[in-house]
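1. Mind folding the following:
(2 chains)
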Amino acid sequence: MYSYSLTHLKQLESEAIFIMREVASQFEKPVLLFSGGKDSIVMVRLAQKAFWPAKVPFPLMHIDTGHNFPETIEFRDRLVNELGADLIVRSVQDSINSGKAVEEKGPNPSRNSLQTITLLDAIEEFKFDAAFGGARRDEEKARAKERFFSHRDEFGQWNPRNQRPELWNLFNGKKQVGEHFRVFPLSNWTEMDVWQYIAMENLAIPQIYFTHQREIVVRDGMLLAKSPFITLMKEEAYEPRQIRFRTVGDMTCTGAVESDAASIDAIIQEVASAKVTERGGRADDKRSEAAMEDRKKQGYF
Amino acid sequence: MKVEELDQAATEQYLNMDLLRFTTAGSVDDGKSTLIGRLLYDSKAIFEDQMDAIERSSKNAGDENVNLALLTDGLRDEREQGITIDVAYRYFATPKRKFIIADTPGHIQYTRNMVTGASTANLAIVLVDARNGVVEQTCRHAFIASLLRIQHLIVCVNKMDLVDYAQESFDKIRDDFKEFSSKLDIPDIRYIPISALKGDNVVNKSEYMPWYEGGSLLYTLEDVQISSDNNFVDSRFPIQRVIRPQSDKYHDYRGYAGRVAGGVFKPGDQVVALPSGLTSKIASIETLDGKLDEAFAPMSVSILLEDDIDITRGDMLCKPDNQPNVGQDIELMVCWLHNKKLALNGKYAIKHTTKDVRCVVKDIKYKININTLHRLEDDKEIGLNDIGRIQIRTTAPLLYDSYKKNRTTGSLIIIDEFTNETIGAGMII
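-> You can find the predicted model right below:
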């Protein structure tokens, strides 16, 4: 008998497309959270595939910490322009200015947790009832237990102890007024899958993922890029290194890796032999053992 | 080969990998966490920072050995109480396959979690402690795997090192399990003697059990043929959404978007749209990447028809000579997922394929004792973690197959209309 089979990447793609179409049909006002990082670039590609030849039926939204890599913002604007998509930007700086959020103190104040405030305000402002995120279960242990359709109460909170069981391909997006869902179509993807998909689809990604020379400072074992948002402490100094970034987050908490990888294939080889997870270089996750879970309970991505 | 050619070869191989989803069941004492830890560790899916983190946590908790359960027990409550609350998904890959593990806890809410994990799995691993033999829990796990129509089961007889790698211990457990499993409906059952702790027969063949002629666990996972498990005979295409670009370029475009749930669809095929019964021909099968010659499960595509007929979400495309059942009175096996008991004459919301309906529970036929598989005709209280057979009537006809025939068109979830929680999982008979 002739055997029908799909490669694992095609299966993951099909699953993600199915989920995006479910969201577009089950919800009234979805939004795709877009950071300009590789996962959200893959998400945009999948959204195009899910609705082609129609336009993606929801806007993209960037929660801007103001601590971005300039390359990421340039890339974001170019991609949005090419797509003809609607982009909403809401900034943490505005939340700080209006007194809703308070800047952290210290030598590298992170705006990471402040994003939650801006994000929840924006969801309320636009009355979004579903927000797509590019998070994956392999990224972090709290995420490993999160559902594809992740319910948020009226305060935007996640309750990990009382999640709806998710069986087969039946996704329950029913909710009360004021509640919303976070939806993660890439739940079953790994870092390697994302890179392979970028290679297979020939997707453009920001230059900071490739090797380049940059002034960095070594702090707590992490290589942090020179930026106006970091204050050097005593005996610290910037030095040039040949590096690249495995994830794209805030400049204040995203650690670089030393690397010569100049192409997607080279990155894939590097990922294949990597000894630490991609979030191993993220200061925001290192704050406590349950840092991610605590942030998520409050409404983080 | 040059380095670039090697890279190229590795990339191509990765792009041709397939995917196996499996579920593991067992309690901490069976060595399940150790087994998963070893599979992940030996396939290099555990990273140094993760290992450091669990070493630190183990030390903080006062454990002598590194507690690999901490890899999957990600939630604060789980760590504090030392239990697994919820299904955790883990990922690893070998050069042949990518694997998704649905790791389900052995005792806490076992049925709810096992059913959830098993619902998407191709294969189940059931762990048996070589010293204890086949116990109640073993049977329970195997029964749930069978109920959820998992086609491949691997019985891992673990802790062989503690019975001196004796063939008699293994043979006894295999024979006991064979006797029990004759009551089940699983076509492919395999038995592997292992020691997760020492690594015998997990990734590499053990030196201590020359009497065992089969492959190691990982070899078996890589080798199991799953491509024929999907139904490629009965064509089913539940419509998720109608795509109408309403742009100048695609003025009259009307694509029916969905994921193939069974069978094969090709351009030119005669199809019938249900429930309307109107027929047409497939004009083309389209994706952003181009037109396709065929679509089969689980592909997500858009189907365009030659005629303009009225079709919406919740409808289904099939072949005229092979149609699903259409009906409102439906019998199913239900697994209950919530503290609030199933109510006779209770009204609930239902999700089935892409269709939402309501239902009323007309009859509770029996409950199953999942340890003995006996039908309890006198006990019709179906509460959390119970499995039983019920009859429902739906507000609108469902387009369904038996779960045995098709996992997608044969499954449904039951939802509380007030809290919106998913409270039951149904498999249509």
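
2. Need the three-state assignment for residue 155.
-> Just going to use chain A. What DSSP: H, G, I helix; E, B strand; the rest coil gives for residue A:155 is coil.

3. Next one: the nearest residue to it once chain neighbours are set aside from residue A:133, what distance?
-> Spatial nearest neighbour of residue A:155, excluding adjacent residues (Cβ to Cβ, 6 or more residues apart in numbering or on different chains): residue A:299 at 7.3 Å. Glycine gets a C-beta too; all of them are placed from N, C-alpha and C. As defined by Cβ to Cβ, to the nearest Å, residue A:299 lies at a distance of 12 Å from residue A:133.

4. now swap in residue B:185 and tell me
-> Per Cβ to Cβ, residue B:185 is found 39 Å from residue A:133.

5. Compare these two (neighbour count), which wins?
-> residue A:133 (23 against 13; other Cβ atoms under 10 Å in any protein chain shown).

6. In contact with that one, which residues are there?
-> Listed by Cβ atoms under 8 Å, 6 or more residues apart in numbering or on different chains, the contact partners of residue A:133 are A:33, A:182, A:183, A:184, A:301.

7. do the same with residue B:31
-> With contact taken as Cβ under 8 Å, 6+ apart, residue B:31 is in contact with B:127, B:129, B:158, B:159, B:196, B:197.

8. got the residues of the stretch 51-200 of chain A near chain B?
-> A:51-55, A:137-138, A:140-145, A:160-161, A:163-172, A:174-176, A:187-188, A:190, A:192-193, A:196, A:199-200 (Cβ under 8 Å from any Cβ of the partner chain).

9. now, which of those lie within helices?
-> A:51, A:192, A:193, A:196, A:199, A:200 (DSSP state H).

10. from those, which has minimum pLDDT?
-> Ranked by pLDDT, these bottom out at residue A:192, which scores 90.

11. SS state for the closest residue to it other than its chain neighbours?
-> Excluding the flanking residues, the one nearest residue A:192 by Cβ to Cβ, 6+ apart is residue A:271, at 5.5 Å. Using three-state DSSP, the structure places residue A:271 in helix.

12. do you know how far residue A:271 is from residue A:63?
-> On the measure of Cβ to Cβ, residue A:271 and residue A:63 end up 27 Å apart.

13. pLDDT score for the nearest residue to residue B:244 once chain neighbours are set aside?
-> Ranked by Cβ to Cβ, 6+ apart and with sequence neighbours excluded, the top spatial neighbour of residue B:244 is residue B:254, at 5.7 Å. pLDDT for residue B:254: 94.

14. mind checking how far residue B:254 is from residue B:300?
-> Distance, residue B:254 to residue B:300, by Cβ to Cβ: 17 Å.

15. Neighbour count for those two, which is higher?
-> More neighbours surround residue B:300 than the other of residue B:254 and residue B:300, with 25 against 15 (other Cβ under 10 Å).

16. Which neighbouring residues are in contact with the more buried one, exactly?
-> Listed by Cβ under 8 Å, 6+ apart, the contact set of residue B:300 reads A:13, A:14, A:15, A:17, A:18, A:21, A:50, B:257, B:258, B:259, B:287.
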